[in-house]
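Chemist: I'd like to go over a predicted model; first the sequence, then the structure.
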Amino acid sequence: MHKRMTITLDEAVYEGLYRTIGKRRISQFIEDLVRPHVLDTVLDDGYRAMAADTAREAEALEWCNALAGDMADEAR
C-alpha cells in the first residue's frame, strides 16, 4: 500500500531530479534511496543469509582462527 506525501525541495534540486530521473520516476527513486535508512531489515536479512551459508561460515571461522594464531605468534 502506498501513501501520498508532499515534500518541499529546492527548485534546482527538483529540476535536477526531473531532468535526470524523469517526472514519473521521482517517487520510486526517492523511495529506493530512503528505504535502507528507515527499514533496518535489509541488514538483518543479509546477515541471516550469510549465517545460513555454512560453507562461508566455516571458511570465516578458519580465517579467524588463523588470524588469532598469527596474533599469538607476534605477541611472543
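Modeler: Now that the structure is in, tell me what you want to look at.
Chemist: which other helices and strands contact the helix or strand where Ala60 lies?
Modeler: Assigned by DSSP states H and E, Ala60 belongs to helix 54-75. The criterion is 3 or more CB pairs under 8 Å, 6 or more residues apart in numbering; DSSP states H and E, and the helices and strands that helix 54-75 contacts are helix 41-52. Just so you know, the C-beta spots here come from the backbone N, C-alpha and C atoms, and that holds for glycine as well.
Chemist: what is the mean pLDDT for the helix it packs on?
Modeler: In this model, helix 41-52 has a mean pLDDT of 82.
Chemist: Please list the residues outside that helix that contact it.
Modeler: Arg35, Pro36, Arg56, Glu57 (CB atoms under 8 Å, 6 or more residues apart in numbering).
Chemist: Tabulate those residues (JSON lines), appending neighbour count.
Modeler: JSON lines is the format used below for these (neighbours: other CB atoms under 10 Å):
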{"residue": "Arg35", "neighbour count": "11"}
{"residue": "Pro36", "neighbour count": "11"}
{"residue": "Arg56", "neighbour count": "12"}
{"residue": "Glu57", "neighbour count": "12"}
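Chemist: Between these, which sits nearest Gly22?
Modeler: Each of the contacts of helix 41-52 was checked against Gly22 using CB to CB; the closest is Arg35, at 19.3 Å.
Chemist: With Asn65 as the reference, measure out to the closest one.
Modeler: Counting by CB to CB, to the nearest Å, the gap from Arg35 to Asn65 is 37 Å.
Chemist: Next: Ala52.
Modeler: For Ala52, the distance to Asn65 - CB to CB - is 21 Å.
Chemist: Can you pull out the low-pLDDT segments for this structure?
Modeler: For the chain, the stretches flagged by pLDDT under 70 are 42, 70, 72-76.
Chemist: Can you tell me the centre-most residue of it?
Modeler: Pro36 (5.8 Å; CA atoms, centre = their mean).
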